[in-house]
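Enquirer: quick one, structure for this:
(chains A and B)
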Number of protein chains: 2
Amino acid sequence: MKLYDGGKAPNPRRVRIFLAEKGIEVPMVPVDMGALEHRSAEIAKRNPLQRLPLLELDDGTILTESIAICRYFEELHPEPALFGKGALNRALIEMWQRRLELHLYLPVGYAFRHIHPAMQGWEVPQIPEWGEANKPKVLEFLGVMDKELADREFAAGDEFSVADITGLIALDFMKPARITIPEELQNVRNWHERLKSRPSAAA
Amino acid sequence: MKLYDGGKAPNPRRVRIFLAEKGIEVPMVPVDMGALEHRSAEIAKRNPLQRLPLLELDDGTILTESIAICRYFEELHPEPALFGKGALNRALIEMWQRRLELHLYLPVGYAFRHIHPAMQGWEVPQIPEWGEANKPKVLEFLGVMDKELADREFAAGDEFSVADITGLIALDFMKPARITIPEELQNVRNWHERLKSRPSAAA
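Expert: Numbers count the residues shown, from 1 in each chain, chains lettered A, B, ... in the order given. Coordinates of the predicted model:
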């Protein structure tokens, strides 16, 4: 198999962090998203949605969507379990993965793509009003998250999970989106520090 | 356990269809989203994000996020397997569930929430330009989907899965969003008919 990687963009990084946490090495094909190489014919024939990352298996089967790729590796290498163990734990991790994706990562992404000048050729039409409308959504969710993190270490409980990986890429993505974690949300700030200090964060 | 249901909105329906396909009956607590009851204190204390559906277990544990709730029931009642069996099949179903959610359901929802007059009090600010920008995204994805469905019955293969449930709620949601499946996308149209004709679609 080989992983068509997309450099520093959040979704490719999400899979690399996951692999680092699992201790799995996969041959990588670098793709320069800055040069719009993910919109090339080579990628489009593998993923008509022209998005990365993309996992190509030896028989030519293509897997896209970062979380689907992560789940594939979870099935192949169950330990450490990053999608959880047992019905309730798995469901709670899925819940937090989705909450962090839909209420943090997605609005941060919209703020970035619809406001940042570098995104003008990527997001058409760029609608700054929509970008701005997402900033309070981010802050509101972080307020909820701060209360949740008052009595636990990680997003879905006391164990690190794939939900934390989504949390990390979203929190780091706030920098180019020019949104700051409010000073008073100390639990979110501490959580971010815990995630950033793991060796996998360098992936 | 009891399921706080939200009536005809797509996410509550997604869970009801899933339960119908599994043949599972769960006690329901109806919540009138039209009367904004999902923003009441009773719901907020269970889900600070004030969204439905919401599953409350007998010990008071709360599960939100429709797909997380579905996965919980999949773990408790594995047959029929709607999230797949085996590493690759599970990953492909997750891939299609996410593609249909992120590239069909989400943009249809934005078109509805940012254009429909009835959504003015729900989506603040309502940005019609953003709603309109999502319509071509929907049509572009349906074009990709039509090619995919040329040689298979269902979203992720020849077996019905949770990805098809997301497809159904998204396709049905196109009506209030005032987007029509183009006449020439016959594979998508046939797929929609197949899904609508299943008994679970009435859930």
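
Enquirer: did I read that right, residue A:3 in a strand?
Expert: Yes - counting by DSSP: H, G, I helix; E, B strand; the rest coil, residue A:3 is located in a strand.

Enquirer: my understanding was that it contacts residue A:55; is that so?
Expert: Yes - contact status for residue A:3 versus residue A:55: in contact at 5.4 Å, counting by CB atoms under 8 Å. C-beta here means a position set from N, CA and C on the backbone, and glycine is covered the same way.

Enquirer: identify the contacts common to the two.
Expert: Residues touching both residue A:3 and residue A:55 (CB atoms under 8 Å, 6 or more residues apart in numbering or on different chains): A:26, A:69.

Enquirer: more neighbours, these two?
Expert: Ranked by neighbour count (other CB atoms under 10 Å in any protein chain shown), residue A:3 and residue A:55 place residue A:55 first, with 24 against 21.

Enquirer: show me the contacts for the more buried one.
Expert: Per CB under 8 Å, 6+ apart, neighbours of residue A:55: A:1-4, A:26, A:62-64, A:69, A:72.

Enquirer: need the residues of chain A near chain B, please.
Expert: Taking CB under 8 Å from any CB of the partner chain as the measure of proximity, chain A contacts chain B at A:48-49, A:57, A:61, A:63-65, A:67-69, A:71-72, A:75-76, A:86-88, A:90-92, A:94-95, A:98-99, A:103, A:125, A:127, A:129-130, A:133, A:141, A:144, A:147.

Enquirer: keep only those of the residues you listed that are in strands.
Expert: Among the residues of chain A next to chain B, the members found in strands (DSSP state E) are A:63-64.

Enquirer: among the residues of chain A next to chain B, name the ones in helices.
Expert: A:67-69, A:71-72, A:75-76, A:87-88, A:90-92, A:94-95, A:98-99, A:129-130, A:133, A:141, A:144, A:147 (DSSP state H).

Enquirer: which one is the residue sitting nearest the centre point of chain A nearest to, not counting chain neighbours?
Expert: Taking CA atoms, centre = their mean, the centroid of chain A lies closest to residue A:166, which sits 4.0 Å from it. What sits nearest to residue A:166 in space, not counting adjacent residues and going by CB to CB, 6 or more residues apart in numbering or on different chains, is residue A:100, at 4.5 Å.

Enquirer: list the contacts of the one you found.
Expert: Taking CB under 8 Å, 6+ apart, we find residue A:100 in contact with A:155, A:163, A:166-167, A:170.

Enquirer: are any of the contacts of residue A:55 buried, and which?
Expert: Neighbour-count burial (16 or more other CB atoms under 10 Å in any protein chain shown) applied to those gives A:3-4, A:63-64, A:69, A:72.

Enquirer: can you pick out the most distant pair from the residues you listed?
Expert: Greatest spacing in the buried ones among the contacts of residue A:55, by CB to CB: A:4 and A:72 (14.4 Å).

Enquirer: and the gap between residue A:70 and residue A:98?
Expert: Residue A:70 sits 14 Å away from residue A:98, going by CB to CB, to the nearest Å.

Enquirer: neighbour-wise, which of these two wins?
Expert: More crowded of residue A:70 and residue A:98, by other CB under 10 Å: residue A:70, with 27 against 19.

Enquirer: least confident secondary structure element in chain A?
Expert: For chain A, using mean pLDDT, DSSP states H and E, the weakest element among its helices and strands is helix A:41-44, scoring a mean of 92.

Enquirer: the residue nearest to the centre of chain A: which element?
Expert: Assessed by DSSP states H and E, residue A:166 sits inside helix A:162-173.

Enquirer: please apply the same query to residue A:11.
Expert: Here residue A:11 is assigned to helix A:10-22, by DSSP H and E.

Enquirer: list the helices and strands the helix or strand just after that helix packs on?
Expert: Sequence order places strand A:28-30 as the next helix or strand after helix A:10-22, per DSSP H and E. In terms of contacts (3 or more CB pairs under 8 Å, 6 or more residues apart in numbering or on different chains; DSSP states H and E), strand A:28-30 is packed against strand A:2-5.

Enquirer: what pairs with the strand it packs on, parallel or antiparallel?
Expert: Partner strands for strand A:2-5, per DSSP bridges, with pairing direction: strand A:28-30 (parallel), strand A:54-56 (antiparallel).
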